[in-house]
Every structure is written in structure tokens, then in C-alpha cells.
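# here is my input; please provide its structure:
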Amino acid sequence: MNSRVVNISSLVVLLSLLSFIAEMLAYYLIPLPWASVLLAGILALGISHFCLESSLDYDYCFIHAAFMVISTLAFAIVIYMIQPNAWIQYDFSLVFLVLVNWLTPFVYCTIRDLLDHGPRFFGYSSFFRRMTILFLAIYALTILKQYYITPILPPYEEDAFGAHNFVPFMSLAGHLEQMVRQGTELQPLAAYDAEIIALGIPFGFFFRIFLRKRMLPLRLLIFAAYPVLLEVLQYVIGLGRYDLDDISLSLIGILIGVLLFHLINSLFQSVANREFLMSREKLSNYFTSM
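Residues are numbered from 1 along each chain as shown. Purely as a prediction, here's the structure:
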């Protein structure tokens, strides 16, 4: 390992550490919790740009992202576990703090790989694979918590068994109509639905990539089975609330994730003249054989 690599590695770790300290101080000192999320996005963008330009390699972007995601996740867990606390309060923005520290380097490096038509940067496929593993590990923990440890529940009482158990969104529409009639605040219901949809998006996006070589019927079967399995497990272990509407909302999230993959893939086809995640070596061989 040459001295230049050692120097860059040490500098990236130092910048990541300083970034983590700055984000934690912002969360603690600034009365607006979302200020730390904004700061995290700015710092992650700047450090990702520095890592890529200084090394011409995506490895250091991953090192920074992994350091920030793990450290901010640990910080969020500690704050959550010590509540109630008079000195520092847990806020849902901590979830977005972790997400932004992963998403910003991921999006930045994807855009750079999209716009780089020459052989300047290499290793995006490896970067994507490692970022995916990092994200899915945290995603699995999130699913475990939100479905089976402290399950999220809709802001209304469970209905008696009836037709709504077999008709998607029938129960949701009925409760929505009742809440509007009674003048009840709709924000908790909207937040619950948005969270269920959001939890389905990563599965749709990443598993569309993992299953890209599989036949369409198999992909559809896996996409449909995933939310059903989550709800059936809730019913079996007696935690949370088995609900057909949750399955429907998860399927909407999965569909959004699949469409997001096709959008990104279309951008790569039109801008970079290659498939998303297609290696540059394969691209060079493709054009050479033409």
C-alpha cells in the first residue's frame, strides 16, 4: 500500500469523524432537529465529491458512507434507548439522518457513473454491491422492529370481521370517511400509510435488480409473496395487526421501487448508452464487436 493511498484513507476517516461530530452537535444544539439532516446532506455531498475526485475510485465514497451510516445509526439507537431524557430528545429526524448519510453518496456516485462517458472512474458496480449490502442489513433491522418488535399500528381500532377483509382499501376508505366526518386529524393516518409504502420501495428496487434475469411470473410471485409473508407472520406471532390494506400499501411501495429501477435504467440507456450496472469492460467489448 503506497503512501498516497494511506494518506487518502486517513483523510477520509478524519473527515468522516469530523462530519459525525458536526452532525451530532447540530442535532443537540440547534432546536430544529431537521437542521442536522440538512447539514448531513451537505457534508456527505462535499466529502463524496472529494473522495471521488482525489482517488478516481468509488472505494473511498463507500468507506465514508459506511462510517457515517454505522455511527449515526448507533447514535440514534442510543438516543432512542435512553428515553425519556431531559438532556436530549429522540426525534424521527434521526431516521432520516441515517438515510441521508447513505442516500447522498449513493445518488451522487450513481449520477457520476451515469455522466462519465470515459474511463475516468471505475468500480461503480463494486460500490453499488457494497452499498446495497449495507442498506439491506439496516433495512432488515428496520422491518424487524417496525413489524415484530414495536409494530406500527394504524390510528384506528381494528374492525370486526367482514367484507373489508377481502376488498383492498375498503376498510381504509371507511375510516377515512369517518375521520373526515368527525373532523379528526388526518396526519397520523397519512403518516402510517406513507411509512408502509416507503418500507416497500427498497424491496421493489433492489429485488428488481437481483431478479432481473428471472422470468416475469417468478418476479411477480416474489413481489406479491413478500408483503403477504410479513402480514401472515404478524398474525402467527400475535404482534402488530394483520391487515389487507397493509398488503396493498406495501405492493404500491414495491411497484414504486420497480418503476424507480426502470427510470434509472432508462436514463443509463439514453445518456450513457448502456444498461444500469453494466460494467465498462462489457460496454467496451460490445462496441468493439459492432
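
# could I get the full set of strands for the stretch 151-290 of the chain?
For the stretch 151-290 of the chain, no strands are identified by DSSP state E, counting those that start in this stretch.

# which SS state does Ser54 fall under?
Here Ser54 is helix, with the state taken from DSSP: H, G, I helix; E, B strand; the rest coil.

# wait, what's in contact with it?
Contact analysis of Ser54 by Cβ atoms under 8 Å, 6 or more residues apart in numbering lists Ile8, Tyr60. For every residue, glycine as well, the C-beta is placed using N, CA and C.

# quick check, pLDDT for it.
On the pLDDT scale, Ser54 is placed at 85.

# from here on, count from 260
With the count now opening at 260, the last piece we talked about shows up as Ser313.

# gap between it and Leu302?
Per Cβ to Cβ, to the nearest Å, Ser313 is found 16 Å from Leu302.

# where in the stretch 260-409 of the chain is pLDDT low?
Scanning the stretch 260-409 of the chain with the threshold set as pLDDT under 70 gives 260-265, 376-379.

# rerun that using 90 as the cut-off
Applying pLDDT under 90 to the stretch 260-409 of the chain flags the ranges 260-272, 290-293, 312-316, 344-346, 351, 374-384, 404-409.

# can you give me the helices in it?
Using DSSP state H, counting those that start in this stretch, the helices assigned to the stretch 260-409 of the chain run over residues 262-288, 293-314, 318-340, 352-374, 383-403.

# can you redo the ones you listed as CSV with distance to Leu519?
Compiled in CSV, the helices of the stretch 260-409 of the chain are given as follows (distance: least, Cβ to Cβ, whole Å):
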stretch, distance to Leu519
helix 262-288, 27
helix 293-314, 19
helix 318-340, 19
helix 352-374, 12
helix 383-403, 14
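
# Ser529: which of those is closest?
helix 352-374 (10.0 Å; Cβ to Cβ).

# can you state the direction angle for that closest one and helix 262-288?
Helix 352-374 and helix 262-288 meet at an angle of 140 degrees, taking axes from the mean of the first three to the mean of the last three Cα atoms, to 10 degrees as the criterion.
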